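Generate coordinates for the sequence data below:
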Amino acid sequence: MDLQMQGIPADRDVLLSNGGKQGGTEIPSLWIRIADRAAQNAALRWKHEGLCIALDLELDSGAQQLTHLFWADDFYLLAKGTVEVERMFIILTEEIVKLGLTWKPSALQALVTNPDCVADSLLFQASGTTWTIKIMPKIVALGVAIDNHGSTDVAFNHRLSQFIAHFEARSKVLCARRVPLKARVRRFYETCVRTLLYSAGGWTYSVSLLERLRKAAYRCLRRMFGRQKLDGEIWMHYVHRVDHQINAVLKDLNIMPIVLQSLTLHFAWAGHVARMGSENCCKHVHLWREARRLSYCLATGKTPSGVDRPHMR
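Numbers count the residues shown, from 1 in each chain. From the prediction side, this is the model:
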């Protein structure tokens, strides 16, 4: 959900200089300040709403209540059902209206994990206005695609589409022979590959996923190298010959292969989570998630349907 400004905000502590624009350092600070005030006021009125994250599934010891996340003008509400999220939405809407804000209607989206839900939208009545919230099969939060199963395939496919669009938009430069090849390869890894590996630390890896990752990068690199097939050369031999040249250039530039880059991000994130304190919300959610998976597996002897196998994320 996106916030829109209606007049002058009540919080004047953040000063905007002339020429301040979206994408700069001032606007996010302003929105975070405003959103934080609205969220704090709403949280005082949210009694038992949100997700209860308990490490001990029987005793609910050390439970934490997660109700919302926000970044700049994006708000995410966490609830156990549509009735609960409606109450949270009404309360939050009342608080943001007090600050001279409103919702952007086209940006209201919901992700419903209940497989029995067949509706395509939710209708909420708040502050004298009827809001239509579209139910989506997946949503993109901070550049990461999420479906109702938390599937790695959905997240990877989204990053892959962004990677292809990024490469095609710059293909005239990246494939231009007038630009030195090594400079183009280095630019490709600094821009396009970073787009592809965004959020890669949280993926659940498999051999097939790593192969798709390698093929995506090498398909673009072959276009950049622009090598022609030799007379009578079959396609497989052509691919092996060009890939050998690509590997030689990457070694000369001291660039780590994309598969190793992705695995480095994965294990770096795993180590980061492992080093977090027990009170950290991120580690709390991670341990709770794995505890629920383990409890399900021990009780049923199988993994949850449609969900990746337990791995360090």
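
and A35, what helix or strand is that in?
helix 26-45 (DSSP states H and E).

so what's L209 up against?
T152, F156, W203 (C-beta atoms under 8 Å, 6 or more residues apart in numbering). (Each C-beta comes from the backbone N, C-alpha and C, glycine too.)

Tell me the secondary structure of T195, please.
The three-state label given to T195 by DSSP: H, G, I helix; E, B strand; the rest coil is helix.

likewise K134?
Here K134 is strand, with the state taken from three-state DSSP.

Tell me the bridge partners for it.
Bridge pairing for K134 (DSSP bridges) gives the partners Q109, S121.

related to what we said a few turns ago, which one of the contacts of L209 has the most neighbours?
The most crowded member of these, judged by other C-beta atoms under 10 Å, is W203 (24 neighbours).

Please report how far that residue lies from A145.
Separation of W203 from A145 (C-beta to C-beta, to the nearest Å): 12 Å.

What segments of this protein are strands?
Assigned by DSSP state E, the strands in the chain fall at 3-5, 51-53, 64-66, 68-71, 74-77, 101-103, 109-110, 121-126, 129-135, 138-141, 144-147.

Return the member of those having the minimum mean pLDDT.
Here these differ in mean pLDDT, and the lowest is strand 3-5 at a mean of 47.

L210: neighbouring residues, count only.
The number of residues packed near L210 is 16, by other C-beta under 10 Å.

out of everything not next to it in sequence, what's closest to it?
V259 (5.1 Å; C-beta to C-beta, 6 or more residues apart in numbering).

wait, isn't that neighbour in contact with L213?
Yes - with contact defined as C-beta atoms under 8 Å, V259 reaches L213; the gap is 6.1 Å.

higher neighbour count, the two?
For the pair V259 and L213, the greater number of neighbours falls to L213 (26 against 15), based on other C-beta under 10 Å.

The more buried one contacts Q261, correct?
No - using C-beta under 8 Å, L213 makes no contact with Q261, being 9.2 Å away.

which intervals of the stretch 1-150 of the chain have sub-threshold pLDDT?
Residue ranges of the stretch 1-150 of the chain with pLDDT under 70: 1-30, 53-64, 72, 115.

Not counting residues beside it along the chain, what's closest to V173?
V173's closest residue in space is V179 (C-beta to C-beta, 6+ apart), at 6.5 Å.
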